[in-house]
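> show me how the following folds:
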Amino acid sequence: MFFFFQFDDNSVPSFDQMMKPLLVALEQLGGKAELKELDAKTIEIMNLPENIVSLPHKGSANRTEVEYRLAWARTYLKKYGLLKNTARGVWSLSDSYDGKIDSIDTSEIARIVNQENRSKPQKNHVLSSIESALAFENLVLGIIKEQLQLQKKNHYSAYSDTFDFGYDLILPEGIDDNKSLTYCIIKYINPQNQNAEKFIVDMLQKIDTKALNDYLMLIVNITMSDKVRNKLLNCANEKLNISKIIIWDGNDLSNRMNPDSDYTKYYITPKQAIVEDTLTADPSDDEKQKIKQSYIEKIKQAYQNEDIVLFLGAGVSIDAGVPLWSGLIKKLLIHMINSKVNNRKLSEKETEMLNNLAYKNQENSPLTQMRYIKSAFTDEEYYELVHDVLYSRPLKTETKLLDALAKISAPQRAYNGIRSIVTYNFDDLLERKFAEKEIEFNTVYQEDDMAAMNKLNIYHVHGYLPFKWNGFDVDTNLIFSEEDYHKVYRDAFSWSNLTQLNAFRDSTCLFIGCSLTDPNLRRLLDVAARNKESSRHYAILPKNKLDYSDKSRREQKLLALYERIDDNIREGYFRELGLNIVWIDSFDEIPDILLNLRR
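Numbers count the residues shown, from 1 in each chain. Modelled structure (predicted):
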């Protein structure tokens, strides 16, 4: 069987046109063959003339265009399930191949393999539709490392000892014909971004000046026309004073991509590849520390650019004596029971018994308990009770964490690294601390409150109940029960939701003392992350630590594996919400991390 093509314009058959000849070739070779033998047989069956066979692939000195497209044909047939790669360089037909070559629709194969990325197959393999920043970054790193290996050149990747923060790769010997020191920035641009040129220009304006004397290499996923590329190069040269700049777009990367390499999984099945990476990742302690330090450095950069919005949760107030939600709800439950026994003062033993019961009988969500606790009282009684429990013991403003928050929130030389603060706490602990340190602030907790232009705004998006409360005539807007949450969830344009969304979209947000279990918060993060090019927010979270002390060595290994996978899944989940996690072993680390922002 032979396949015939038109070669009037020296055109090479597309990779999908090569699929059937490749299957026939492998069938004629007995169903299994080494790569070189398979390529030669396929070329023979396609009856390709020598001038087509010898055409070099653009961007490669040792690969022909035919070999390149045959590699993509094998990759797609493998993903579709008709081929198997049983060993390096050895290919065989799978059990799914029935030999009915005429019934195979190669366009359908390309469509199915690409269904998450494109609606129809393309003649040329482009990257404009790759679906996530992480998949794109991994793909680019794979391509560049492979190219440098062939060129026998070195590189320094992210988190290495010599890494300069703000860049993704440093190429001390350049790449391709360029032999000079080159700083690389890998930038994913959302395919739906209607103003990609402005996005790139804005990004270039933030470049660290240390790279201006060396080469700067910008790598993006979108495909640029020559007109757009020249416009960006001229802008970099004339307006930004970046004279040595190299730009690779989607086509440049596609021309350099080796379809037989493992990194192509980030293009063909990006979601599956990222999940596999997440589950199997096992970085060393040294690598973890470098990743952590790189995140802290990026937070510091955002702080110096006056771009940080702090998001504070209950964890900020623990050392100050403010009860956590679970503790607050337990106390409210006991108060409710006490009110039903005619306010007879409960004995210490009875109180302890109720405490234990409240702890054991907690619902999966404390919000459901609050719904019924709240219904047992009038509104005035309810707010007074919450206030009494909230301030049942004196609050301490002298804690290391509060001191650190005050220091980074204080204006410095006419600028303030903190744009605003969003807190989910009801108490006035932060306001007290700022008043002590003479930091000018403005409290906002309802739609009618105006944000101040010359003060630090503190947004209490779940309501505000200060110690000096004026009574029921002042609306506290507490979001504390399941019913309260449902109201906020239903109202997409509530000031609480919009305040959070605006911060997620316009600033770099840093979460401190937040468990991130709030379903409405996760929903808002998810909404904001859909249109972002990459994860730009950060959360400081403690690791889940398991107790290995009484376990056998086999059980310890199993628990260690579980712990690692659990951490990886959490990290992957939060990344999809636009959050990078700064893992800590102890809450005592947080003040030092914050104080480092000012240094």
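> helices of the stretch 451-599 of the chain, start to end?
According to DSSP state H, counting those that start in this stretch, the stretch 451-599 of the chain carries its helices in the segments 482-490, 495-506, 519-529, 553-576, 589-595.
> tell me the domain boundaries of this structure?
When the chain is parsed with automatic domain parsing, its domains come out as 19-113, 133-274, 286-318+398-598, 325-390.
> who wins for proximity to T280 among those?
In terms of C-beta to C-beta, the element of the domains of the chain nearest to T280 is domain 286-318+398-598, at 8.1 Å. Yep, even glycine has a C-beta here, placed from its N, CA and C like the rest.
> that closest one: how far from the chain's middle?
How far domain 286-318+398-598 lies from its chain's middle: 16 Å, per C-alpha atoms, centre = their mean, to the nearest Å.
> sorry, back to before: mind checking which of the helices of the stretch 451-599 of the chain is nearest M450?
Ranked by C-beta to C-beta, the member of the helices of the stretch 451-599 of the chain that lies closest to M450 is helix 495-506, at 11.5 Å.
> please list the outside residues in contact with the closest one.
Residues external to helix 495-506 that are found in contact with it (C-beta atoms under 8 Å, 6 or more residues apart in numbering): 309, 311, 420, 422, 444, 446-447, 459, 461-462, 479, 488, 491, 509, 520-521, 524-525, 527-529, 531, 537, 578.
> that one - what's its average pLDDT?
When the per-residue pLDDT values of helix 495-506 are averaged, the result is 92.
> just for the stretch 101-250 of the chain, where's the confidence low?
Low-confidence regions of the stretch 101-250 of the chain, defined by pLDDT under 70, span residues 115-131, 157-166, 207-212.
> ranges for the strands of it?
With DSSP state E, counting those that start in this stretch as the criterion, the stretch 101-250 of the chain has strands at 156-157, 169-171, 182-187, 215-220, 245-248.
> pull out the buried residues from stretch 450-459.
Taking 16 or more other C-beta atoms under 10 Å as the neighbour-count basis, stretch 450-459 is seen to contain the buried residues 456-459.
> quick check: phi and psi on P259?
According to degrees, to the nearest 10, the main-chain angles of P259 amount to phi -60, psi -20.
> what's the nearest residue to it if we skip its chain neighbours?
Here the nearest residue to P259 in space, its sequence neighbours aside, is A71; by C-beta to C-beta, 6 or more residues apart in numbering that works out to 3.7 Å.
> and the one you found, what element?
When secondary structure is defined by DSSP states H and E, A71 falls within helix 65-80.
> quickly note the distance from L478 to H460.
9 Å (C-beta to C-beta, to the nearest Å).
> and the helix or strand where I421 lies, what does it pack against?
Following DSSP H and E, one finds I421 within strand 418-423. Counting contacts by 3 or more C-beta pairs under 8 Å, 6 or more residues apart in numbering; DSSP states H and E, the secondary-structure elements packed against strand 418-423 are strand 308-312, helix 400-409, strand 456-460, helix 495-506.
> in the last one, which residues are buried?
In other words, helix 495-506. 495-497, 499-501, 503-504.
> closest one to A40 out of the residues you listed, please.
F504 (55.5 Å).
> quick revisit: list just the nearest of the buried residues of helix 495-506 to K231.
The closest of these to K231 turns out to be F504 (C-beta to C-beta; 31.2 Å).
> out of the strands of the stretch 101-250 of the chain, which gets nearest to M203?
Ranking the strands of the stretch 101-250 of the chain by distance to M203, with C-beta to C-beta as the measure, places strand 182-187 first at 6.3 Å.
> the closest one pairs with which strands?
Each strand that pairs with strand 182-187, with its direction, by DSSP bridges: strand 169-171 (antiparallel), strand 215-220 (parallel).
> report the buried residues of the one helix or strand E380 maps to.
Using DSSP H and E, E380 sits within helix 379-390. For helix 379-390, burial by neighbour count (16+ other C-beta under 10 Å) applies to 382-383, 385-387, 389-390.
> now stretch 418-436
Along stretch 418-436, these residues count as buried under the neighbour rule (16+ other C-beta under 10 Å): 418-434.
> need the nearest residue in space to the most centrally placed residue in the chain, chain neighbours excluded.
In the chain, the residue lying closest to the centroid (C-alpha atoms, centre = their mean) is R575, at 2.9 Å. Across the structure, with C-beta to C-beta, 6+ apart as the measure, the residue nearest R575 apart from its sequence neighbours is S535 (5.4 Å).
> and that neighbour, what is it in contact with?
S535 sits next to 133, 529, 575, 578-580 when contact means C-beta under 8 Å, 6+ apart.
> out of the strands paired with strand 182-187, which comes closest to S254?
For the strands paired with strand 182-187, distance to S254 was read as C-beta to C-beta. The smallest value, 12.2 Å, belongs to strand 215-220.
> buried only: go through the contacts of helix 495-506 for me.
Buried residues within the contacts of helix 495-506, defined by neighbour count using 16+ other C-beta under 10 Å: 309, 311, 420, 422, 444, 459, 461-462, 479, 488, 509, 520-521, 524-525, 527-529, 537, 578.
> other SSEs contacting the helix or strand hosting P21?
Element membership for P21, per DSSP H and E: helix 19-28. In this structure, helix 19-28 packs against strand 32-34, helix 35-46, helix 65-80, strand 90-93, helix 106-113, with contacts taken as 3+ C-beta pairs under 8 Å, 6+ apart.
> tell me the most buried of those?
Compared across those, helix 65-80 shows the largest average neighbour count, a mean of 22 (mean count of other C-beta atoms under 10 Å).
> what does the helix or strand following that helix contact?
Tracing the chain past helix 65-80, the next element assigned as helix or strand by DSSP H and E is strand 83-87. Residues external to strand 83-87 that are found in contact with it (C-beta under 8 Å, 6+ apart): 23, 26, 32, 74, 77-78, 91-94, 97.
> before we move on, back to that, and the helices and strands packed on helix 19-28 as CSV, adding distance to A196?
Supplementary listing: the helices and strands packed on helix 19-28 in CSV, determined by distance: least, C-beta to C-beta, whole Å:
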stretch, distance to A196
strand 32-34, 43
helix 35-46, 38
helix 65-80, 26
strand 90-93, 39
helix 106-113, 26
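> ok, W583 - contacts?
Neighbours of W583 in contact, by C-beta under 8 Å, 6+ apart: 288, 292, 541-543, 567.
> narrow those residues to just the buried residues.
Counted by 16+ other C-beta under 10 Å, those give 292, 541, 567 as buried.
> for these, which one is nearest G315?
Distances from those to G315 were compared by C-beta to C-beta; the smallest belongs to L541, at 9.7 Å.
> now D403. Nearest residue, chain neighbours left out?
Closest residue to D403 in three dimensions, ignoring its sequence neighbours and counting by C-beta to C-beta, 6+ apart: P591, at 7.0 Å.
> what score does that neighbour have for pLDDT?
Note for P591: predicted pLDDT of 95.
> for stretch 452-459, what is the average pLDDT?
Confidence over stretch 452-459 (mean pLDDT, whole number) is 93.
> wait, isn't Y464 in contact with F426?
Yes - look at Y464 against F426 with C-beta atoms under 8 Å: they come within range, at 6.2 Å.
> need the contact list for the residue nearest to D428 when sequence neighbours are not counted.
The shortest distance from D428 to any residue other than its chain neighbours is 3.8 Å, reached at P466 (C-beta to C-beta, 6+ apart). Shown in contact with P466 (C-beta under 8 Å, 6+ apart): 427-428, 431.
> K349: neighbour count?
The tally of other residues near K349 (other C-beta atoms under 10 Å) stands at 8.
> quick one: low-confidence parts of the stretch 451-599 of the chain?
Segments of the stretch 451-599 of the chain classed as low confidence (criterion: pLDDT under 70) are 471-476, 480-485, 489, 531-533.
> repeat the analysis, applying 50 as the threshold.
For the stretch 451-599 of the chain, no stretch has pLDDT under 50.
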